[in-house]
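> Dropping a prediction and its sequence here:
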Amino acid sequence: MNIKSVHCLTFSPTGTTRKITDTISAVFQTKIHNHDVTYDRTKDFPDFASEDLLIVGIPVYGGRIPAILEDLFHRLHGNQTLCIPVVLYGNRAFEDALLELSDLLKAQGFITAGAGAFIGEHSYGSEIAGGRPNVFDLAEAKKFAEAVRDKITGIDSHEAIKPLHIPGNHPYKERSAPGIPWGPVTMDSCNNCGICATVCPMGIIDREDPKNITDPGSCLHCCACIKTCPQNAKAMESEFYKKFRGFLIANCSETQKEPEIFI
């Protein structure tokens, strides 16, 4: 089969997922249509054709896909369109996220040609998988993409694509019940540069006054604001954050997980 057009849909608040999807899409030597939904999840998408390939990359939140993306995926329309679902997680576990993503795409008319779970630096600190995806991860992503490309070019029709066994559970893991809303706090070292407001995927940091978090209950806890602040003026101080970060450092920082791929 020949792929005429490649589309890459990515949600990547801290840029780690985007590194993987960029590496995968580059293997398909054709024009790439990038659909970055990190900051705008209201955009319309084309109806994807059977000659298209859709690459989807998202981070794992609590073993599931980010809840704010569910409506977006229901607005995608494939026509026996091949797809490559990819998730990125912070060295703990991807649990049901990859299966959930693949299921959602299948329900919208897509056929999974390959799927992968990759590791990225955890939002809660560089102590957990710091610097990942690294050179090794990107090399694995490239090899994965090449294998999927060879698989696609080696078949004559969509019917030759067999269902993949992707780990996960039905029903999916229950999402955590919402607790007391919490978001970033701002230190006195803030100089109002506004970088944090530009990288917040939920738009809840006031661009005129970056110290003002307009809706803490909508915070994704992606920590993009913390990771990009040149003054180290943003921080998370909730008790849940401190406790879970301590758990991650104690249990998920020594042994480094490796990418898992399914073709």
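Yes, it's here.

> Average pLDDT for stretch 156-163, rounded please.
For stretch 156-163, the mean per-residue pLDDT is 91.

> Stretch 214-221 too?
95.

> Ok, stretch 46-54 next?
Averaging pLDDT along stretch 46-54 yields 95.

> Please work out which residues outside that stretch touch it.
Stretch 46-54 has contacts (CB atoms under 8 Å, 6 or more residues apart in numbering) with 2-9, 28, 76-84, 105, 109-110, 113, 152, 158. No exception for glycine: its C-beta is placed from N, CA and C like everyone else's.

> Of those residues, grab the buried ones for PyMOL.
Of the contacts of stretch 46-54, the buried ones go into a single PyMOL selection, burial set by 16 or more other CB atoms under 10 Å:
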select buried, resi 5+6+7+8+9+28+76+78+80+81+82+83+84+105+109+110+113+152
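
> Now, the contacts of stretch 46-54 that are in helices?
105, 152 (DSSP state H).

> Could you tell me which of the contacts of stretch 46-54 belong to strands?
Within those, residues falling in strands by DSSP state E are 5, 6, 7, 8, 9, 81, 82, 83, 84, 110.

> Would you enumerate the residues in contact with the last one?
Each residue near residue 110 by CB under 8 Å, 6+ apart is listed here: 48, 54, 76, 78, 81, 82, 83.

> and it, what are its bridge partners?
Judged by DSSP bridges, the bridge partners of residue 110 are residue 81.

> mind checking which helix or strand residue 163 is in?
Using DSSP states H and E, residue 163 sits within no helix or strand.

> Check the gap between it and residue 113 for me.
Between residue 163 and residue 113 the computed distance is 11 Å (CB to CB, to the nearest Å).

> Same question for residue 165.
14 Å.

> Could you do residue 14 as well?
From residue 14 to residue 113 the distance is 27 Å (CB to CB).

> residue closest to the middle of this structure?
Geometric centre of the chain, nearest residue: residue 58, 1.8 Å, by CA atoms, centre = their mean.

> Hmm, that one is touching residue 101, no?
Yes: using CB atoms under 8 Å, residue 58 is in contact with residue 101, at 6.6 Å.

> intersection of neighbour lists for the two?
Taking CB under 8 Å, 6+ apart as the contact rule, residue 58 and residue 101 both touch 65, 87.

> how about the helices in the stretch 51-200 of the chain?
Ranges of helices in the stretch 51-200 of the chain, per DSSP state H, counting those that start in this stretch, are 70-74, 97-107, 135-153, 195-199.

> Output stretch 222-233 as PDB, nothing but the C-alphas.
The C-alpha trace of stretch 222-233 is given here as PDB (Å, rounded to 0.1, in the frame of the first residue of the first chain):
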ATOM      1  CA  CYS A 222       1.500  19.000  33.600                       C
ATOM      2  CA  CYS A 223       4.000  21.400  35.200                       C
ATOM      3  CA  ALA A 224       4.900  23.000  31.900                       C
ATOM      4  CA  CYS A 225       4.900  26.400  33.800                       C
ATOM      5  CA  ILE A 226       7.400  25.100  36.300                       C
ATOM      6  CA  LYS A 227       9.700  23.500  33.800                       C
ATOM      7  CA  THR A 228       9.900  26.600  31.600                       C
ATOM      8  CA  CYS A 229      10.100  29.400  34.200                       C
ATOM      9  CA  PRO A 230      13.500  31.100  33.900                       C
ATOM     10  CA  GLN A 231      13.200  32.400  37.400                       C
ATOM     11  CA  ASN A 232      12.200  29.100  39.000                       C
ATOM     12  CA  ALA A 233       9.200  31.000  40.300                       C
END
